[in-house]
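Asks: The sequence isn't on hand, but the structure is:
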């Protein structure tokens with residue numbers, strides 16, 4: 001029961017952390033940004049900024065193998 005509790009707690013955290021980047025949710029931060037006029041500076045949440053920073057870091061560490069902008073190849 002402790003493992004189930006820990007797993008459920010982790011899933012709740014992951015669900016909460018993924019809300020700004022859920023492109024299936026039209027109210028998410030990335031969906032909102034995708035519908036705005038391109039080329040203008042925008043304010044984004046700290047969570048999204050942190051995520052984009054990490055994505056860029058992993059892109060560089062993987063020499064381009066990890067690409068947050070790439071869709072599924074499957």
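Replies: All right, it came through fine. Every value quoted in this text rests on a predicted model; they were computed, and no experiment measured them.
Asks: Residue 2: how many residues sit nearby?
Replies: 6 (other C-beta atoms under 10 Å). Backbone N, C-alpha and C define where each C-beta goes, glycine included.
Asks: Oh, that last question was meant for residue 54, not what I typed.
Replies: 11.
Asks: how far away is the residue nearest to residue 20 when sequence neighbours are not counted from residue 41?
Replies: Take residue 20 and drop its neighbours on the chain: the residue closest to it by C-beta to C-beta, 6 or more residues apart in numbering is residue 29, 4.0 Å away. Residue 29 is 15 Å from residue 41, where distance means C-beta to C-beta, to the nearest Å.
Asks: Same drill for the two, tell me which one is more crowded.
Replies: Remark: of residue 29 and residue 41, residue 29 carries more neighbours, 19 against 5, as counted by other C-beta under 10 Å.
Asks: Next one, pLDDT for that one please.
Replies: On pLDDT, residue 29 comes in at 91.
Asks: what sits against it?
Replies: Contacts for residue 29 (C-beta atoms under 8 Å, 6 or more residues apart in numbering) come out as 19, 20, 21, 44, 45, 48.
Asks: Would you state the secondary structure element containing the spatially closest residue to the third one that is not a sequence neighbour?
Replies: With C-beta to C-beta, 6+ apart as the criterion, residue 21 has its nearest non-adjacent residue at 5.2 Å, and that residue is residue 30. Using DSSP states H and E, residue 30 sits within helix 29-35.
Asks: Show me which positions of stretch 8-24 end up buried.
Replies: 20, 21 (16 or more other C-beta atoms under 10 Å).
Asks: Quick one: mean pLDDT over it.
Replies: 87.
Asks: quick one: the residue nearest the centre of the chain from residue 49, how far?
Replies: Taking C-alpha atoms, centre = their mean, the centroid of the chain lies closest to residue 21, which sits 3.9 Å from it. Going from residue 21 to residue 49 by C-beta to C-beta gives 12 Å.
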